[in-house]
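Trainee: heads up, no residue letters with this:
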């Protein structure tokens, strides 16, 4: 299976979009870690890890612009790994949160969730023209898309918690973020493997 890099890709605009997205994600990671600890929210902590994961993903993607198919397929596999590990960790932390039974503070949880949503929607917008192509491109896009979906869920969980002081909305969103990461990791890993095998059979690296 051969997947070509889109002819419409403009390396300079893609690099610029990745640099902006990496800087914003790295900054938001610190905001959400602090917010998660203050609000006692596993969903915010899960999203903070996603921001760190995405910032690393964007930096690696910048380094791979213009390189051949083998490094790009390897990057796809690395992206899958970066999605998989936090997903497992968040699933474990969510179980602990459920056992403790302490609901989060909905006000800071919702406010930070809205800020994170604004950042991820902007990142998705600037990366939208570059979402198609090989596993490297799709890994970047899926990470960004998943974070935006997670942010919407965090805001909804905060609203529900403000009316129903329960740990369950936070726990459900935390598990949902973990599931999104694990599902995307599987998709990217499969695509990266197909690219690696297909390109390897077609000729020299």
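Mentor: Sure, I can see it. Only a predicted model underlies this, so the values are computations on that prediction, with no experimental measurement involved. Numbers count the residues shown, from 1 in each chain.
Trainee: how far away is the nearest residue to residue 86 once chain neighbours are set aside from residue 143?
Mentor: Using CB to CB, 6 or more residues apart in numbering and skipping residues adjacent in sequence, the residue nearest residue 86 is residue 49, 4.5 Å away. No exception for glycine: its C-beta is placed from N, CA and C like everyone else's. Remark: distance between residue 49 and residue 143 (CB to CB, to the nearest Å) = 12 Å.
Trainee: Neighbour count for these two, which is higher?
Mentor: The residue with more neighbours, out of residue 49 and residue 143 and counting by other CB atoms under 10 Å, is residue 143; that gives 31 against 24.
Trainee: any idea how far residue 187 is from that one?
Mentor: Residue 143 is 12 Å from residue 187, where distance means CB to CB.
Trainee: contacting residues around the residue lying closest to residue 91 once chain neighbours are set aside?
Mentor: In space, not counting the residues next to it along the chain, residue 91 is nearest to residue 178; the distance is 4.4 Å by CB to CB, 6+ apart. Contacts for residue 178 were tallied using CB atoms under 8 Å, 6 or more residues apart in numbering; they are 46, 86-88, 90-91, 94.
Trainee: Closest one to residue 18 out of these, please.
Mentor: Distance ranking of the contacts of residue 178 against residue 18, using CB to CB, places residue 86 first at 20.0 Å.
Trainee: The closest one: which element?
Mentor: Assigned by DSSP states H and E, residue 86 falls within helix 69-100.
Trainee: just residue 118 next, same as before
Mentor: Residue 118 is part of helix 106-127 when elements are defined by DSSP H and E.
Trainee: what about residue 87, distance to residue 12?
Mentor: 33 Å.
Trainee: Ok, residue 146 next?
Mentor: Per CB to CB, residue 146 is found 26 Å from residue 12.
Trainee: now do residue 84
Mentor: For residue 84, the distance to residue 12 under the criterion CB to CB works out to 31 Å.
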